[in-house]
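Undergrad: Compute the structure for the input listed below.
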Amino acid sequence: MKISERYNLSKTQAELDFIDIDTSEDMPLFLDPFFLGTRTDKWSINASRTIRSFFQKVIDLIISKKENEAKALFDYLHEPNSTCLGMSIGKPRGRGVGFTDTDKIYNSLSKSKAIQTGLVRDIEDSTLFIDNFGKDKLSDMATNIITGHLVEYTKNQCNLHDIPLTENIPSGYFWDSISESWITEYSEMLVVEGEVKLLVPKGIVSFAKSYTPDRYCQHYVLNFLQNEHLRLNTALVEKRTNGERYVTKKSLKEQLPKEMKEFLRDFTIKHPELLERFKNETKIESLNNLEFSEFNVNKLIDSLTNRLLEINSGRDTADDFHNIIIGILEVIFYPHLLNPTKEYAIHQGRKRVDITFDNGAKDGIFNRLSNNMGIPSSYIYVECKNYSTDVANPELDQLSGRFSVNNGQVGFLVCRSINNMELFIERCRDTYKDGRGLVIPIVDDDINELLKNYNDWDYSYTEKFLSDRIRKIVIS
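TA: Residues are numbered from 1 along each chain as shown. Below is the predicted model of the structure:
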């Protein structure tokens, strides 16, 4: 049974930020540290730093010949059944890193020339050059290391969706980058049928098909060797009828040794620039909602539109309005905005914001806010007002008063309607020109249009809508 079904969330995967796991079986998805390291949202940046801290500590100890200390760090790796991700068939049992595998992984790392020569710098490089190490073990190691981040994420999502937590439960060991050690704590945890479960942001997982030894060899190493054989005019060079010279990758593969990773290690030590190209040119995008689960897009849009229409304005239904807006914004803005957090406390708890999203956009308007327009936007604030009357200056000032340079100065004021939108846009323009941040009004009619034009594969309508509205505010 999925989390959404178990806790009667009445939401599809598209309306949820976390992976809607079935707690009885694993999903073939992976935590990919390479992908995590390319992301720009705060949660991913912090989690990636934790992974790098752990692996750098391991490398430093190995190079310093402190093998007992290095090996001891691997004693805390266990079989992570909590996320229900990976390669298991049937009931999750964490086949990736078992207690016997940790010794094999450590021995492969410590004895590898890839470590001693500095070839392996990031934990994901292990999948390219270290024997007996693949995407499943990498994902399981990463899960162990960032368990602390996943615990906090799980608590935030459970708070957002009113999923009950159990107090005073051991979190399990996780890496603490400050003390550079494994620690554990007692915390509120999601417990399902006696087992701890950790929710994982859907925007950070992948099928782990890009940063692989096969792809590195096929598209970089073999391409290099093709050019070398052509340059030297070796026996592998063939000619087409038109006189064009070529070398097939099939003929090159026939000459490669059986031990692929050993070959890649030796080759890359001689040609490190190829690994840098591979890293720089490998691009991974967040999976779209249809890749997590099949659903009827039109049915979802109709459902959200009708449910929004059925909610009356007023204080009594404010929670219902708040709840559906969270799901709608998740649908509309994924994967650019992630990790929604409810009633986020700021200014030492003196003020609270309805919802905050991490800004993880790599392109588009959410990316341009900071990079092109110079508006701090690490977090995007959202205030929901289920008023039967117009919002006005007090609501605008309330939202802009919660902005800060460090966290962000962009927010959405979501309300039912505004009788004179042009006048309110002028008020938002005044706020922006006064240096008090960018407030973007969104009303029911806007949401209906965004939903009507929603496409899981094409973000262009949403992008144009936001760009046009922001342009009206910032340009007089």
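
Undergrad: so who does residue 21 touch?
TA: Residues near residue 21 by Cβ atoms under 8 Å, 6 or more residues apart in numbering: 2-3, 27, 83-85, 197, 199-200. (Glycine included, C-beta is placed from N, CA and C.)

Undergrad: hang on, isn't residue 289 packed against residue 13?
TA: Yes - between residue 289 and residue 13 a contact is recorded at 5.8 Å, counting by Cβ atoms under 8 Å.

Undergrad: any shared contact partners between those two?
TA: Joint contacts of residue 289 and residue 13 (Cβ under 8 Å, 6+ apart) are residue 295.

Undergrad: which stretches of the stretch 201-350 of the chain aren't confidently modelled?
TA: The model of the stretch 201-350 of the chain has pLDDT under 70 over residues 343-350.

Undergrad: which stretches of it form strands?
TA: Using DSSP state E, counting those that start in this stretch, the strands found in the stretch 201-350 of the chain span residues 205-206, 238-239, 245-246, 337-346.

Undergrad: For residue 166, which of these is the nearest?
TA: Each of the strands of the stretch 201-350 of the chain has some distance to residue 166 by Cβ to Cβ; the shortest is strand 337-346, at 19.5 Å.

Undergrad: can you pull the contacts of the spatially closest residue to residue 455 that is not a sequence neighbour?
TA: Leaving aside its sequence neighbours, residue 455 sits nearest to residue 461 (Cβ to Cβ, 6 or more residues apart in numbering; 7.1 Å). Taking Cβ under 8 Å, 6+ apart, we find residue 461 in contact with 450, 453-455.

Undergrad: How is residue 373 classified with respect to secondary structure?
TA: Classification of residue 373 using DSSP: H, G, I helix; E, B strand; the rest coil returns coil.

Undergrad: now it: how far from residue 380?
TA: According to Cβ to Cβ, to the nearest Å, residue 373 and residue 380 sit 14 Å apart.

Undergrad: Please, which helix or strand holds residue 83?
TA: Using DSSP states H and E, residue 83 sits in no helix or strand.

Undergrad: For it, give me the backbone phi and psi.
TA: phi -90, psi -10 (degrees, to the nearest 10).

Undergrad: For burial, what's the neighbour tally of it?
TA: Using other Cβ atoms under 10 Å, residue 83 has 25 other residues around it.

Undergrad: I figured it hits residue 198, correct?
TA: Yes - because the distance of 5.1 Å satisfies Cβ under 8 Å, residue 83 is recorded as touching residue 198.

Undergrad: Tell me the residues that contact both of those two, please.
TA: Common neighbours of residue 83 and residue 198 (Cβ under 8 Å, 6+ apart) are 143, 150.

Undergrad: What separation is there between residue 449 and residue 10?
TA: Distance, residue 449 to residue 10, using Cβ to Cβ: 24 Å.

Undergrad: before we move on, the earlier item: in JSON lines: the contacts of residue 21, plus secondary structure and distance to residue 285.
TA: JSON lines is the format used below for the contacts of residue 21 (DSSP: H, G, I helix; E, B strand; the rest coil; distance: Cβ to Cβ, whole Å):
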{"residue": "2", "secondary structure": "strand", "distance to residue 285": "24"}
{"residue": "3", "secondary structure": "helix", "distance to residue 285": "24"}
{"residue": "27", "secondary structure": "strand", "distance to residue 285": "18"}
{"residue": "83", "secondary structure": "coil", "distance to residue 285": "21"}
{"residue": "84", "secondary structure": "coil", "distance to residue 285": "23"}
{"residue": "85", "secondary structure": "strand", "distance to residue 285": "18"}
{"residue": "197", "secondary structure": "strand", "distance to residue 285": "27"}
{"residue": "199", "secondary structure": "coil", "distance to residue 285": "21"}
{"residue": "200", "secondary structure": "coil", "distance to residue 285": "17"}
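
Undergrad: on contacts alone, who are the packing partners of whichever strand or helix holds residue 422?
TA: Using DSSP H and E, residue 422 sits within helix 421-433. In this structure, helix 421-433 packs against helix 393-400, strand 438-442, helix 460-474, with contacts taken as 3 or more Cβ pairs under 8 Å, 6 or more residues apart in numbering; DSSP states H and E.

Undergrad: Can you lay out the ones you listed as TSV showing mean pLDDT and distance to residue 413?
TA: Below are the helices and strands packed on helix 421-433 laid out as TSV (pLDDT from 0 to 100; distance: least, Cβ to Cβ, whole Å):
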stretch	mean pLDDT	distance to residue 413
helix 393-400	93	6
strand 438-442	98	5
helix 460-474	96	12
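
Undergrad: Which one, of those, ends up nearest to residue 127?
TA: Judging the helices and strands packed on helix 421-433 by Cβ to Cβ, what sits closest to residue 127 is helix 460-474, at 34.4 Å.

Undergrad: Next, the angle from that closest one to strand 438-442.
TA: 130 degrees (axes from the mean of the first three to the mean of the last three Cα atoms, to 10 degrees).

Undergrad: Now do the buried residues in helix 460-474.
TA: For helix 460-474, burial by neighbour count (16 or more other Cβ atoms under 10 Å) applies to 462, 465-466, 469-470, 472-473.

Undergrad: which residues does the residue sitting nearest the centre point of the chain contact?
TA: Ranked by distance to the mean C-alpha position of the chain (Cα atoms, centre = their mean), the top residue is residue 204 at 2.4 Å. Taking Cβ under 8 Å, 6+ apart, we find residue 204 in contact with 31-32, 35-36, 39, 43-44, 47, 286.

Undergrad: Repeat the analysis, applying 6 Å as the threshold.
TA: 36, 44 (Cβ atoms under 6 Å, 6 or more residues apart in numbering).

Undergrad: shaky segments in the stretch 1-150 of the chain?
TA: Residue ranges of the stretch 1-150 of the chain with pLDDT under 70: 87-100.

Undergrad: just the strands in it please.
TA: Under DSSP E, counting those that start in this stretch, the stretch 1-150 of the chain gives strands at 30-31.

Undergrad: can you give me the helices for it?
TA: 3-6, 33-38, 42-63, 67-73, 99-111, 113-116, 126-129, 135-145, 147-160 (DSSP state H, counting those that start in this stretch).

Undergrad: Also compute the angle for the helix holding residue 422 relative to helix 393-400, please.
TA: Using the same axes, to 10 degrees: helix 421-433 against helix 393-400 is 40 degrees.

Undergrad: and helix 421-433, which residues are buried?
TA: Under 16+ other Cβ under 10 Å, the buried positions of helix 421-433 are 421, 424-425, 427-429, 431-432.

Undergrad: which one of those residues is nearest residue 126?
TA: Nearest member of the buried residues of helix 421-433 to residue 126, counting by Cβ to Cβ, is residue 432, at 47.5 Å.

Undergrad: so the closest one sits right up against residue 438, yeah?
TA: Yes - using Cβ atoms under 6 Å, residue 432 is in contact with residue 438, at 5.4 Å.

Undergrad: What's the end-to-end length of stretch 283-295?
TA: End-to-end distance for stretch 283-295, by Cα to Cα, to the nearest Å: 27 Å.

Undergrad: For that stretch, report the contacting residues that lie outside it.
TA: 12-14, 35, 203, 206, 210, 335, 456.

Undergrad: how's the protein carved up into domains?
TA: Following automatic domain parsing, one gets these domains for the chain: 3-206, 213-281, 296-474.

Undergrad: quick one, which of these is packed in tightest?
TA: domain 3-206 (a mean of 19; mean count of other Cβ atoms under 10 Å).

Undergrad: end to end, how far does that domain reach?
TA: 20 Å.
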